[in-house]
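Participant: no FASTA, just this:
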C-alpha cells in the first residue's frame, strides 16, 4: 500500500479561501474502489471512479441532515443519483490521502467535501417543486407528561385436571366329574365226594369284572381390563395492564423545536398563546389545565373558538397537536434514564366555511442519557422535527392558495 498526501495541505488552504463566504457543509468521506491497473492511466481512472463514489457517499450523509431531510421526503427515488452527481460538480472534493493495494488491485481514498448548503437546497427545490405555499402557521400543542403508573395483571386464569379410570372384569368357571364302578368279583365252588372208591371231585368258578371309571373336567376364564387417563388444561392470560396518570406540561420546548425546522423552510409560526394576547379568544392556560392531561380530542366548541380567534388574526392554517412524554424509562443497554415522546397532530385550513382537516401521521422518538434533562431535550427535539418535516411535506404538496 502506498500513501499519497502531497498537496493536501495546499488544497485545503485553497478550499478554505474559496469557501470562506459560503461554506456551510463540510464532510469527510472514505471510499474503496477497484483499480485494475495500479499505475499510469489505469490509476488515474481509478481515482476518477473514487471521486464519483465519494460524491455518492457525500450525498448519503447530506441527506440525513435535519435541514435537508424534510425536503427530500418529496424527492423521487430516481433523483437520488441526480443529487449525487450534482454534489460531484457543485462541491469541492479535496483529496486527503489514498492507498493502493497492488495485490488486491484496490484503491482506498479519503476526501474532504465542502458544499454550499443553499446551492443544495435550491437544487432540491428545482426537483421537488417550489416548496411551501404558505408563509405563516398558527400552532397549539397540548403536552402531557406521565406522572405515575400502576401496573397490574387483572386476569390470569389457570385450570388443570387429570381423570383416571380403571375397569377390570374376570369370569372363571370350572367343573369336574368322576364316575367309578366298583370292581366286582364272584366266586363259586362246588365239591362232592363219594365215599367208597375214593372219588372226590371239585369245581371252582371265578367271575370278575373290572370297574369302569370315567372322569371329565372343564375350566374357562375371561378377563377384560379397560384403563384411561385424561389430562385437561385451560387458561387465559391478560398481558400486564397499567393505569397512567398525567400532569400538564409546558409546550415551550416543543414549540421551539417546531420553529427551528419551519424557519429553515421560510415558514413563520406563531404560538396560540401569543396570538390570543392580541386577539381575544379562549385562554390557552385554562385549556391546558382542563384538557392537557386527557387523551380525548378537544371539544368542538373549544376547537371552533380557537379557529375563530386565529382566523380573525389573519392565519389560514393552524396546527393542533398532542404530545405525551414518559420519563420513567430506563435504557436496557446502558441503564441510563430514558425519555419517550409520542405525538399526533392535525392541520386545519380555515379559509373554507368548514375547516379542512389535513392529518399528520403520529410520530414518536426516544432517547437516553446519564442526564435525564438531556434525554428529555433530545427526545422532544426529534419528535418535534419529525412532526414538522411531515407537515412540510403535506403542505408542500398543496397548490398555492
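Facilitator: That came through fine. Fair warning: this is a prediction, and the values are worked out from it, not measured in the lab.

Participant: tell me the mean pLDDT for the lengthiest helix in the chain?
Facilitator: If you go by DSSP state H, the chain has its longest helix at helix 372-396. For helix 372-396, the mean per-residue pLDDT is 84.

Participant: what helices or strands is it leaning on?
Facilitator: Counting contacts by 3 or more CB pairs under 8 Å, 6 or more residues apart in numbering; DSSP states H and E, helix 372-396 packs against helix 66-72, helix 252-264, strand 317-330, strand 337-349, strand 356-368. Any C-beta I mention is one placed from the backbone N, CA and C, and that applies to glycine too.

Participant: other SSEs contacting the third one?
Facilitator: Using 3+ CB pairs under 8 Å, 6+ apart as the contact criterion, the elements in contact with strand 317-330 are strand 136-152, helix 300-312, strand 337-349, strand 356-368, helix 372-396.

Participant: nearest to residue 119, of those?
Facilitator: Closest to residue 119 of these is helix 372-396 (CB to CB; 19.8 Å).

Participant: got the buried residues for that closest one?
Facilitator: The neighbour-count check on helix 372-396 (16 or more other CB atoms under 10 Å) flags 375-396 as buried.

Participant: same thing with stretch 289-309?
Facilitator: 291, 292, 293, 298, 303, 306, 307, 309.

Participant: Mind pulling up the pLDDT for the residue nearest to the fifth one when sequence neighbours are not counted?
Facilitator: Leaving aside its sequence neighbours, residue 303 sits nearest to residue 320 (CB to CB, 6 or more residues apart in numbering; 7.2 Å). Residue 320 carries a pLDDT score of 88 in this model.

Participant: Identify the residues contacting residue 320.
Facilitator: Applying CB atoms under 8 Å, 6 or more residues apart in numbering, we find residue 320 in contact with 139, 140, 141, 298, 303, 306, 345, 346, 347, 348.

Participant: Can you tell me which of the residues you listed has the largest number of neighbours?
Facilitator: Neighbour counts for the contacts of residue 320 (other CB atoms under 10 Å) peak at residue 139, which has 28 neighbours.

Participant: What is the neighbour count of the closest residue to that residue other than its chain neighbours?
Facilitator: Leaving aside its sequence neighbours, residue 139 sits nearest to residue 319 (CB to CB, 6+ apart; 4.6 Å). Here the number of neighbours of residue 319 (other CB under 10 Å) works out to 23.

Participant: How about residue 352?
Facilitator: Residues lying near residue 352 (other CB under 10 Å) number 9.

Participant: again, but for residue 47
Facilitator: 17.

Participant: what's the helix or strand containing it packed up against?
Facilitator: Assigned by DSSP states H and E, residue 47 belongs to helix 40-62. For helix 40-62, the packing partners by 3+ CB pairs under 8 Å, 6+ apart come out as strand 25-34, helix 80-90, strand 92-101, strand 106-115.

Participant: Tell me where the model's unsure across the chain.
Facilitator: Counting by pLDDT under 70, the chain has low-confidence residues at 1-23, 66-67, 70-71, 73-74, 129-133, 149-242, 244, 295, 397-401.

Participant: on that earlier part again, relative to residue 264, which of the helices and strands packed on helix 40-62 is closest?
Facilitator: Of all those, strand 25-34 comes closest under CB to CB, at 13.4 Å.

Participant: For that closest one, buried residues please.
Facilitator: Neighbour-count burial for strand 25-34 [16+ other CB under 10 Å]: 25, 27, 29, 31, 33.

Participant: For the residue nearest to residue 303, give its distance to residue 116.
Facilitator: Computed as CB to CB, to the nearest Å, the residue 320 to residue 116 distance reads 37 Å.

Participant: Pairing partners for residue 270 in the sheet, please.
Facilitator: In this entry, residue 270 is beta-bridged to residue 138, by DSSP bridges.

Participant: residues near it, how many?
Facilitator: There are 19 residues near residue 270, going by other CB under 10 Å.

Participant: ok, it - contacts?
Facilitator: Per CB under 8 Å, 6+ apart, neighbours of residue 270: 136, 137, 138, 139, 315.

Participant: ok, so of those, who is nearest residue 101?
Facilitator: Nearest member of the contacts of residue 270 to residue 101, counting by CB to CB, is residue 137, at 54.8 Å.

Participant: my guess is that closest one contacts residue 271, does it?
Facilitator: No - taking CB atoms under 8 Å as the definition, residue 137 is not a contact partner of residue 271, at 10.4 Å.

Participant: which of the two has more neighbours?
Facilitator: Taking other CB under 10 Å, residue 137 and residue 271 do not tie; residue 137 has more neighbours (23 against 19).

Participant: quick revisit: which of the helices and strands packed on helix 40-62 sits most buried?
Facilitator: strand 106-115 (a mean of 21; mean count of other CB atoms under 10 Å).

Participant: Give the partner strands of it in its sheet and their orientations.
Facilitator: Sheet pairing for strand 106-115, assigned by DSSP bridges, gives strand 25-34 (antiparallel), strand 92-101 (antiparallel).

Participant: Of those strands, which is nearest residue 336?
Facilitator: strand 25-34 (29.1 Å).

Participant: Which residues outside the closest one are in contact with it?
Facilitator: Here strand 25-34 has contacts from 46, 49-50, 53-54, 57-58, 61-62, 65, 96, 105-117, 120, using CB under 8 Å, 6+ apart.

Participant: quick revisit: TSV for the contacts of residue 270, including distance to residue 332?
Facilitator: Below are the contacts of residue 270 laid out as TSV (distance: CB to CB, whole Å):
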residue	distance to residue 332
136	43
137	38
138	40
139	34
315	44
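
Participant: which outside residues touch stretch 40-54?
Facilitator: For stretch 40-54, contacts defined as CB under 8 Å, 6+ apart pick out 29, 31, 33-38, 88, 93, 98, 100, 107, 109, 111, 113.

Participant: buried stuff in that stretch?
Facilitator: Neighbour-count burial for stretch 40-54, with 16+ other CB under 10 Å as criterion, is recorded at 43, 46, 47, 49, 50, 53, 54.
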